[in-house]
Every structure is written in structure tokens, then in C-alpha cells.
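In: take this sequence and fold it.
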Amino acid sequence: MSEEKLPATVSEYKGNAIISLPVAGSTKYPFTFGLNKAKAILEYFDDIKKFVEDNDKKQEESPE
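Out: Okay, the predicted model is just below:
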């Protein structure tokens, strides 16, 4: 993957901090969430990583 990673942006929604992450190399439809979901992502990071690894393999193996 030689493409440069687009930066995350931090802003505010109804007085609360939110972060927006580019999805699939585009800022058109970002993945946006607040502090509580960010904490959950950090707490379950290893589970999320395993989920991605397991399902990326399945996607690569399935015929199109």
C-alpha cells in the first residue's frame, strides 16, 4: 500500500468532541464517532484486528 494515509479530523457535534476517519481512501463518507465509541474501540482493539484478519482472508478466498 503506497498511498499516503489521509488524516483524521477532530471536530465537535452538539458540544461533544468527535473524530472522523476517511473510509477506503476517501473523505466523502467518513466514519465518525465520539469519545465513548473511541474508548470501546481501544478496549476491543485486538478483537477488531482479529475480525479484520479473519474476514479479509475469507474475502480473498471467495470467488467473485
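In: tell me the mean pLDDT for the longest helix along the chain?
Out: Secondary structure of the chain per DSSP state H: the longest helix is helix 45-61. For helix 45-61, the mean pLDDT works out to 89.
In: which residues sit against that helix?
Out: Applying C-beta atoms under 8 Å, 6 or more residues apart in numbering, the contact partners of helix 45-61 are I41. C-beta here means a position set from N, CA and C on the backbone, and glycine is covered the same way.
In: and the strands in this protein, which stretches?
Out: Listed in chain order, the strands of the chain (DSSP state E) span 9-13, 16-23, 26-34.
In: would you turn those into a markdown table with mean neighbour count and distance to K58?
Out: Converted to a markdown table, the strands of the chain look like this (neighbours: other C-beta atoms under 10 Å; distance: least, C-beta to C-beta, whole Å):
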| stretch | mean neighbour count | distance to K58 |
| --- | --- | --- |
| strand 9-13 | 10 | 32 |
| strand 16-23 | 14 | 20 |
| strand 26-34 | 12 | 21 |
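In: need these in TSV with mean pLDDT and distance to E3, can you?
Out: Output for these, formatted as TSV (pLDDT from 0 to 100; distance: least, C-beta to C-beta, whole Å):
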stretch	mean pLDDT	distance to E3
strand 9-13	98	18
strand 16-23	97	11
strand 26-34	96	11
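In: in JSON lines: those strands, plus distance to V52.
Out: Shown next, in JSON lines, are the strands of the chain (distance: least, C-beta to C-beta, whole Å):
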{"stretch": "strand 9-13", "distance to V52": "22"}
{"stretch": "strand 16-23", "distance to V52": "14"}
{"stretch": "strand 26-34", "distance to V52": "14"}
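In: could you dump the longest helix of the chain to PDB, C-alpha only?
Out: C-alpha atoms of helix 45-61 as PDB (Å, rounded to 0.1, in the frame of the first residue of the first chain):
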ATOM      1  CA  PHE A  45      -8.800  -3.300  19.500                       C
ATOM      2  CA  ASP A  46      -7.400  -6.800  19.500                       C
ATOM      3  CA  ASP A  47     -10.900  -8.300  18.800                       C
ATOM      4  CA  ILE A  48     -11.400  -5.800  15.900                       C
ATOM      5  CA  LYS A  49      -7.900  -6.600  14.500                       C
ATOM      6  CA  LYS A  50      -8.700 -10.400  14.600                       C
ATOM      7  CA  PHE A  51     -12.100  -9.800  13.000                       C
ATOM      8  CA  VAL A  52     -10.500  -7.900  10.100                       C
ATOM      9  CA  GLU A  53      -7.700 -10.500   9.600                       C
ATOM     10  CA  ASP A  54     -10.200 -13.400   9.700                       C
ATOM     11  CA  ASN A  55     -12.700 -11.700   7.300                       C
ATOM     12  CA  ASP A  56     -10.100 -10.300   4.900                       C
ATOM     13  CA  LYS A  57      -8.900 -13.900   4.400                       C
ATOM     14  CA  LYS A  58     -12.500 -15.100   3.700                       C
ATOM     15  CA  GLN A  59     -13.000 -12.200   1.200                       C
ATOM     16  CA  GLU A  60      -9.800 -13.000  -0.700                       C
ATOM     17  CA  GLU A  61     -10.700 -16.700  -0.800                       C
END
